[in-house]
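Novice: A predicted structure for the sequence below; I have some questions about it.
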Amino acid sequence: MGFIITFKKTQKILLLMIYDCVIIGRGPAGLSAAIYLARANKKVLVIGKENKIWKNEVNINNYFGIGEITGKLLMEKGEAQAKSFGTEILNSLVTKISVDEKGLFNCLANSKEFTSKKLLIATGSSAAKKEIINQEDFIGRGVSFCVPCDGFFFKNKKVIVIGNGEYALEEAIELLNYTNDVTLVSNGKKLSFDKKLLDDKEIKFEEFIIEKIIGEKKVEGIKTNKEELKIDGIFIASGNADSNDLARMLGLLVENNKIIVNSEMKTNLSGVFAAGDCTPGFGQIATAVAKGAVAGLTISKEI
Ligand SMILES: Cc1cc2nc3c(=O)[nH]c(=O)nc-3n(C[C@H](O)[C@H](O)[C@H](O)COP(=O)(O)OP(=O)(O)OC[C@H]3O[C@@H](n4cnc5c(N)ncnc54)[C@H](O)[C@@H]3O)c2cc1C
């Protein structure tokens, strides 16, 4: 655990909590890593939501030594164990991650920033996001999945962000650093947040469905179920930020939608680790728990 003392204009002293490790993902991998870290007296925060296996209807009968158990009960037991060693849990989703000049990691969740020395991504499996039928033809030619990576190339251009959740909102807000002409398009879905948040930032909103991208060598426009529109760029930010999106924000190596790690669960970026179904290999509770344990041990040794 550590504290930074900063002086603001008001001369007040702010104490900033720095976690030893923030773990993104509240599944078997993230909670298993938390058990190893918290048991070794590290200050740990796990951020995530209850996902598909946190249910009474899911029966698990292939996890070593347990016999038959519901997914809900297994996960509740795992989380209680992590908490018993001092792990903090935040029931939320991370919409943005970054690394600062001191090598500390910042995660944005619930509109708050959480700072840590190490970062573990354990966000489960993710698939490539498909929003528009011909989007593949325009990747790198006007279609992007990452504002921090590609926003710069759209200075003063007309851009849209596709998505209906807080992740899309964060991406749209970040785009305002490059251009004032930003429209969030929900592609036929209802917004999952208050539209006032867009209005306050002067981000336009459209609910129409995009049928296809128009353009010869690059994005020139879109055909929607209502009209044709001229635009220069499209950022796809549907659903929540999955492991692919988080990896892009930090420049991590990804192959076939899996974050590449070594045998100690280290990614290509110092201080960042990944474990569980977001990494290559057999995706099961047993393997996620094992990879989480390895990550927890490696991180603990580095702190
Ligand atoms: C219905 C079902 C039945 C299954 N049955 C079995 C079985 O019988 N035996 C077995 O071994 N395996 C089973 N599996 C597979 C098993 O559940 C997975 O292999 C395992 O859960 C992977 O663990 P994980 O921790 O890597 O990821 P997950 O369990 O997928 O957890 C991912 C976590 O990341 C969080 N997350 C994602 N994005 C973000 C974000 N942006 N910010 C914060 N948090 C985020 C999620 O909220 C979640 O908490 C089943 C899976 C399903 C869906």
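Specialist: Arrived safely, thanks for sending.
Novice: residues in contact with the residue of the stretch 201-303 of the chain found nearest the ligand?
Specialist: Per Cβ to the nearest ligand atom, residue 276 is where the stretch 201-303 of the chain lies closest to the ligand, at 2.2 Å. Glycine gets a C-beta too; all of them are placed from N, C-alpha and C. By Cβ atoms under 8 Å, 6 or more residues apart in numbering, the residues touching residue 276 are 25, 27-30, 122-124, 283, 287-288, 291-292.
Novice: do residue 53 as well
Specialist: 27, 60, 71-72, 74-75, 285.
Novice: hang on, it is in a strand, isn't it?
Specialist: No: Residue 53 is assigned coil when assessed by DSSP: H, G, I helix; E, B strand; the rest coil, not a strand.
Novice: Write out the residues of the chain neighbouring the ligand.
Specialist: Counting by Cβ under 6 Å from any ligand atom, the residues of the chain lying close to the ligand are 24-30, 47-49, 51-53, 58, 60, 62, 93-94, 122-124, 240-242, 276-277, 283-286, 288.
Novice: quick revisit: what backbone torsions are found at the residue of the stretch 201-303 of the chain closest to the ligand?
Specialist: phi 90, psi -150 (degrees, to the nearest 10).
Novice: buried sites along the longest strand along the chain?
Specialist: Longest strand in the chain, counting residues (DSSP state E): strand 13-24. Of all the residues in strand 13-24, those buried under the rule 16 or more other Cβ atoms under 10 Å are 18-24.
Novice: hang on, the earlier thing: which ones among the residues of the chain next to the ligand are found in helices?
Specialist: Residues of the residues of the chain next to the ligand located in helices (DSSP state H): 28-30, 285-286, 288.
Novice: What's the mean pLDDT across stretch 172-192?
Specialist: Mean per-residue pLDDT for stretch 172-192: 96.
Novice: Can you pull out the low-pLDDT segments for this structure?
Specialist: Where the chain drops to pLDDT under 70, the residues are 1-15.
Novice: Any idea which residue is closest to the centre of it?
Specialist: residue 241 (3.7 Å; Cα atoms, centre = their mean).
Novice: Please report how far it lies from residue 254.
Specialist: 13 Å (Cβ to Cβ, to the nearest Å).
Novice: just residue 31 next, same as before
Specialist: Taking Cβ to Cβ, one finds residue 31 at 23 Å from residue 254.
Novice: The stretch 201-303 of the chain: strands as residue ranges?
Specialist: Shown for the stretch 201-303 of the chain, the strands assigned by DSSP state E, counting those that start in this stretch span residues 204-206, 210-214, 221-224, 228-230, 233-236, 254-255, 258-259, 272-274.
Novice: if we can go back for a sec, if you count what's nearby, which of residue 31 and residue 254 comes out ahead?
Specialist: More crowded of residue 31 and residue 254, by other Cβ atoms under 10 Å: residue 31, with 29 against 18.
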